[in-house]
Every structure is written in structure tokens, then in C-alpha cells.
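Trainee: coordinates only, sequence not included:
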């Protein structure tokens, strides 16, 4: 009888968890992410699949965790080193399991991040940015966190490629962070992806914190509509629809000429936006890009990225450095946009609310909504959403171009 109970006990995961209690830490992380996604509604479309992937990867014996290959693509399978890129697809699925199949075929090849960018483009209206082009410069200023943390990370002992992958978290763009990490430091994909998406989800917490530290009440009460009335723009857009169609074509061409390595992200972003703006003739393409394809890509990306977060890969000092460095990059990007607005206001009569600089991140449209809520707390009539979107949308483009620059120099 004792032998039967012993066999039943060993059949469960309890024996492994008791022997290796670090699994409990990973479960706690998964539950916290699920809480943020479900209860707090922080980016649930991303955090819920990622958190569930973390949970699945850390159940002993479930074989749902992603096994990382080395720089040469070699992976240990039952004591034999095999090249993951030379293995037939059915062997990957059979010997390594579903999550490894998804990860190596869809994630590590760099396929899914551009696909998600296509969906983002299809869901994005560039109109607010095109109507307020002068505000788009603050999206570039907000990339400060990327390059500052890159330098700090190198001083802390990270390699230049690892530092670049860490710094890109400051762009607040999950697909960009994943794409850059795949190209430069694939062994850090799990913790960097978790940090990037977690901080994106915490935008409603981090932006108010940074804004409170660096902005005065007088600055936050700057009413953009009143500034427009006092100092009206001399530039008038006569045909916005035509401009919206031309814009993605021009941006793709310019980026392809100057930063070719950014084309997979920028090109797909602009293509998604183009099929949206053309209208009825490409509605089926727009519908597919923004719905079925986008949703499927998000599920596969979230689950497989979460599955890279095994206890062995996550619980180390490198990961702790990534989490701290990621927060620093995120906060510096917000602060960089704010301080650039302050500098801009010193030399112009037409003042700009620093909240617009704070939204130079890629977290569209959450960052803009958060900034608008902050403005309304100080002045119920001060709606800054459309102005923040100009900076916010340009931040998406800026972070993707910054990623392309880093990949070109370090890849």
C-alpha cells in the first residue's frame, strides 16, 4: 500500500516542487501577471497569454517550457546535441513539444513581431500626428531611455548586444523589444519580453509617477486648445485622406533607404495602415490584419514568450539587472520627452503641455489616455488626447527606427 501511495505521489508535480521550491516563485510571478491582466485590466490581451505561458512552462514534467539553443543553434535533446535549424518540423514538434515548435518556427525566426506590427498599423490612425506634425518630434526625444540605459548596461558588464536588447525596453514596444532581442541577444528573450510587456501594462502607474516628479501644476494646466486659438497654425491640410495614403508609402521608402534593418517592423506597420486608409477596396485585407491574423499572432507570441520563463532561465542576477534596467529605460524615456518639452517651451510663445512629451512612448493608445486623464484632473476642460496621440504615434515609429539602428551597428 505504501508503494502505491509513493507511486501516486511521484506521479504528481508535488515531489518536484518540494525538491525545487524555486518553481513557487515562478507561479507567484504568473499569478501576479494574471492579476494585472484580469483584475487591473492592464494590457490583458498580452499579459494573460504571457502569464499563462509562464504557468505552463513551470509545471514539472509538463514539457511546455522552451529550451533555449546556443548561439550556434545547438540544443541538447536526450543527451545528444542537435542543430535546431536542421531538424525537420515534425521532429521539433515530437521531441521538443508544442511550445518549442511555436517558438523556433514563429518567434525566433522573427516572423511574428512584424505580423503584429501589421495589425498595429491597421488599428492606428495617423491623423492626429499628421495634423500636429510639430509635436511628433517629442516621440523622438522619448527614445532617450533606450540609449542611456544601453551605455549604463555596458558599464555594468553586459555585452553591447545584450545592452542594446535591454535598452530597447525603453521604447515601450513589446514586438520591437522581441524583434531586437531575437537579432542581438536571443538568450535574454524571456526576461526582456516579460519586462517590456509588464512595464507597458504598468503605463497607468509609471507615467503619473514620473510626471509628478518632474512637472509643476502650472505646466500640467497648459491648455493646448487655448494655445491653438492664441497662436493658430499657418499650415492647413487640404486633403487629409490623400496625405494618409501617401504617408505610409513615403515613410517606408525613406526608412528602407536609410535604415534597411528597420524595414521588417516599419514596413509591416505602414502596410497595415495603408490597407486601412485605402478604404473599401482593401477592407478584407484590413479586416484580416486587424482581427484574425493579429489575434492569432498575439496568442502564439504571448504563450511562447511566457514559456521561455522557466525557473532556470529567469531566477538569476542577469534577469534582476534586466528588470531594474528596463524600469530605468522606461522612466528615462518618459522623462526625456518631458524635459524636451520644457526646453522647447523656453524658446516659443506657443506653450506645450509636458504630458505630450511624456507620451512619446510606443504604448499606443494607453499612454495618451493616461496623460489625458492626468490633464483632466487639473483642468476638466483640458482635453489633450489628440495632441498626445501625435507624440505617441511618432514614438512607435521612433522606437522601431532606433531598433533598426541598433541591429545595423551591433547585429
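Mentor: In hand now; what should we look at? Worth saying up front: this structure is predicted, and the values here are computed from it rather than measured.
Trainee: Need the residue closest to the centroid of the chain.
Mentor: For the chain, the residue sitting closest to the mean C-alpha position, by Cα atoms, centre = their mean, is residue 174 at 1.7 Å.
Trainee: and that one, what does it touch?
Mentor: Shown in contact with residue 174 (Cβ atoms under 8 Å, 6 or more residues apart in numbering): 46, 193, 196, 197, 200. To be clear about C-beta, it is placed using only N, CA and C from the backbone, and glycine gets the same treatment.
Trainee: out of these, which is most surrounded?
Mentor: For the contacts of residue 174, the largest neighbour count, defined by other Cβ atoms under 10 Å, is 32 neighbours, found at residue 196.
Trainee: would you say that one is within a helix?
Mentor: Yes. Assessed by DSSP: H, G, I helix; E, B strand; the rest coil, residue 196 belongs to a helix.
Trainee: mind checking the SS state of residue 210?
Mentor: Per three-state DSSP, the secondary structure class of residue 210 is helix.
Trainee: Within its local environment, how many residues does it see?
Mentor: Taking other Cβ under 10 Å as the criterion, the count of residues near residue 210 is 18.
Trainee: can I assume it is in contact with residue 334?
Mentor: Yes. With the criterion set as Cβ atoms under 8 Å, residue 210 and residue 334 qualify as a contacting pair; they are 4.4 Å apart.
Trainee: Need the residues touching each of those two.
Mentor: Shared contacts of residue 210 and residue 334, defined by Cβ under 8 Å, 6+ apart, comprise residue 358.
Trainee: Would you map the strands across the protein?
Mentor: With DSSP state E as the definition, the chain shows strands at residue ranges 74-77, 80-83.
Trainee: Give me the mean pLDDT for stretch 256-268.
Mentor: Model confidence over stretch 256-268, given as mean pLDDT, is 94.
Trainee: Can you give the contact residues for that stretch?
Mentor: Contacts of stretch 256-268 from elsewhere in the structure, counted by Cβ under 8 Å, 6+ apart, are 110, 113-115, 117-118, 121, 175-176, 179, 251-252, 255, 397, 400-401, 403-405, 407-408, 411.
Trainee: Distance across that stretch, terminal residue to terminal residue?
Mentor: End-to-end distance for stretch 256-268: 12 Å, by Cα to Cα, to the nearest Å.
Trainee: Please apply the same query to stretch 225-242.
Mentor: 26 Å.
Trainee: could you give the mean pLDDT of it?
Mentor: 84.
Trainee: Buried ones in that stretch, by neighbour count?
Mentor: For stretch 225-242, the buried set under the neighbour-count rule, 16 or more other Cβ atoms under 10 Å, comprises residue 227.
Trainee: what's the answer for stretch 320-332, then?
Mentor: Neighbour-count burial for stretch 320-332 flags 321, 322, 323, 325, 326, 327, 328, 329, 330, 331, 332 (criterion: 16+ other Cβ under 10 Å).
Trainee: pLDDT below threshold where in this structure?
Mentor: With pLDDT under 70 as the threshold, the chain has low-confidence stretches at 1-16, 19, 61-63, 71.
Trainee: what's the longest helix in it?
Mentor: Under DSSP state H, the helix in the chain containing the largest number of residues is helix 317-345.
Trainee: if we can go back for a sec, now, the contacts of stretch 256-268 that are in helices?
Mentor: By the criterion of DSSP H, membership of those in helices covers 113-115, 117-118, 121, 175-176, 179, 251-252, 255, 397, 400-401, 403-405, 407-408.
Trainee: Out of these, which end up buried?
Mentor: Listed as buried from the ones in helices among the contacts of stretch 256-268 are 113-115, 117-118, 121, 175-176, 179, 251-252, 255, 397, 400-401, 403-405, 407; burial here means 16+ other Cβ under 10 Å.
Trainee: Show me the contact partners of stretch 278-296.
Mentor: For stretch 278-296, contacts defined as Cβ under 8 Å, 6+ apart pick out 115-116, 118-123, 245, 272, 274-276.
Trainee: if we can go back for a sec, as JSON lines, the contacts of residue 174 with distance to residue 56 would be great.
Mentor: As requested, these are exported to JSON lines (distance: Cβ to Cβ, whole Å):
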{"residue": "46", "distance to residue 56": "16"}
{"residue": "193", "distance to residue 56": "15"}
{"residue": "196", "distance to residue 56": "20"}
{"residue": "197", "distance to residue 56": "17"}
{"residue": "200", "distance to residue 56": "22"}
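Trainee: Excluding chain neighbours, what is closest to residue 386?
Mentor: Distances taken as Cβ to Cβ, 6 or more residues apart in numbering place residue 128 nearest to residue 386, at 4.7 Å, with adjacent residues excluded.
Trainee: ah, wrong one, I meant residue 308
Mentor: Computed as Cβ to Cβ, 6+ apart, the closest residue to residue 308 that is not its neighbour in sequence is residue 190, at 3.4 Å.
Trainee: For the one you found, the count of nearby residues, please.
Mentor: Residue 190: 27 surrounding residues under other Cβ under 10 Å.
Trainee: cool, residue 283 as well?
Mentor: Around residue 283 there are 12 residues (other Cβ under 10 Å).
Trainee: Please apply the same query to the one 5 residues further on.
Mentor: When neighbours are defined as other Cβ under 10 Å, residue 288 has 15 of them.
Trainee: Next one: it from residue 112, what distance?
Mentor: For residue 288, the distance to residue 112 equals 16 Å [Cβ to Cβ, to the nearest Å].
Trainee: Then residue 152?
Mentor: 30 Å.
Trainee: more crowded one of those two?
Mentor: Neighbour comparison, residue 152 and residue 112: the larger count goes to residue 112, with 25 against 17 (by other Cβ under 10 Å).
Trainee: doesn't residue 104 make contact with the more buried one?
Mentor: No. In this structure, residue 112 is not within contact of residue 104 by Cβ under 8 Å, at 11.8 Å.
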